[in-house]
Structures are given as C-alpha cells and as structure tokens.
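Visitor: below are the sequence and a predicted model for it; my questions follow.
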Amino acid sequence: MEGLVRQGLVRSIGLSNFSRVKLQQLMDSPTLTIKPAVLQVEAHPYWPNTALIDWAQQQGIHVTAYSPLGSPDSAQMLGRDPAKSGSSSSKGVAAAAAAEGLTGQQPQLMQHPLVLDMAKRYRKSTAQVLIRWSIQKGTSVIPKSANPERIK
C-alpha cells in the first residue's frame, strides 16, 4: 500500500477492524514508512470502542465509526457484552441498558428509551442523536441502513 502512495495512485492509507495490538505491531514495524491515516471500526453507544479510538487519535490516526446507529447482530455474533465495553463517555445508554438488565439481548439502539427521549427533547431523529454522539467523540461516521425509506 505504501508503494501506491509513493506512485501517487492513492493519497493515504486506511485500515479497517484492526485491534490496538495489531495496529501497534504495524506501527512498530521497521518497514513501516507511511503511517495509516484512518482506522475504521464499529462504534456506537452499545459498543463505544473508547480505548481503541482514544489511542488511535493520540497516534494521529483519524477514526471513522461504522454502524453508528447500532449493530444489533454484532454483539451476539462476536460474543461480547455491550454493557462491559469499558467506556466512561457512554455511561448513558450502555449504563441504562445494564441497569435495565439488558445485557446481551438489548433493544435496537434506535429504540432505546434514552435515545428516544433525547431525540424528542432536542427535536431530532434518533439517527441524528446517534450520529451526533459519534461526531462528538471526534470520529467521522458511516451510517448504514437496509430500510429503503431511510436510504432515500
């Protein structure tokens, strides 16, 4: 990929779904000459990925969050408990879900009572509230929808 940058075929290098360990191994590689510019990872209030995002930002790597509206199947698919995501900045939704006993089997993020309340209070859609959450963390976002009405 570095060769493509040198040839002027791409401007920068981006990575997706690298853990901090894998990213650190890459950064420590003696053959690395061009640092990755972007890291794309899943991030939303149920899975804030705070430690990885903070670390990447400290390294000068921009983070793009995918699934900012939630990813109902990823927690189950990956066997992770969203209530144990280790985020202090996301206490609201994740903590509220844990307090309600909604670990593992949580409602879709866009239907979470706290998100619905915030949307109503600020006169925004739930998607706007969740995208704003990601932007306030300093990430860019890539929302996705399978709903034809939302895609329009």
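Guide: Yes, it's here. Numbering: from 1, shown residues only.

Visitor: this protein: helices as residue ranges?
Guide: Assigned by DSSP state H, the chain shows helices spanning 2-6, 20-28, 50-58, 72-78, 96-99, 113-122, 126-136, 148-151.

Visitor: quick one: closest of the ones you listed to residue 39.
Guide: helix 50-58 (4.9 Å; C-beta to C-beta). Where C-beta positions appear, they are placed from N, C-alpha and C, glycine not excepted.

Visitor: same for that closest one, what does it pack against?
Guide: Under the contact definition 3 or more C-beta pairs under 8 Å, 6 or more residues apart in numbering; DSSP states H and E, helix 50-58 sits against helix 20-28, strand 38-42, strand 62-66.

Visitor: may I see the buried residues of that helix?
Guide: Within helix 50-58, the residues that count as buried by 16 or more other C-beta atoms under 10 Å are 50, 52, 53, 54, 56.

Visitor: kindly report the same for stretch 126-138.
Guide: Applying 16+ other C-beta under 10 Å to stretch 126-138 flags 126, 127, 129, 130, 131, 133, 134, 137 as buried.

Visitor: what of stretch 11-26?
Guide: Neighbour counts over stretch 11-26 (16+ other C-beta under 10 Å) mark 13, 15, 18, 20, 23 as buried.
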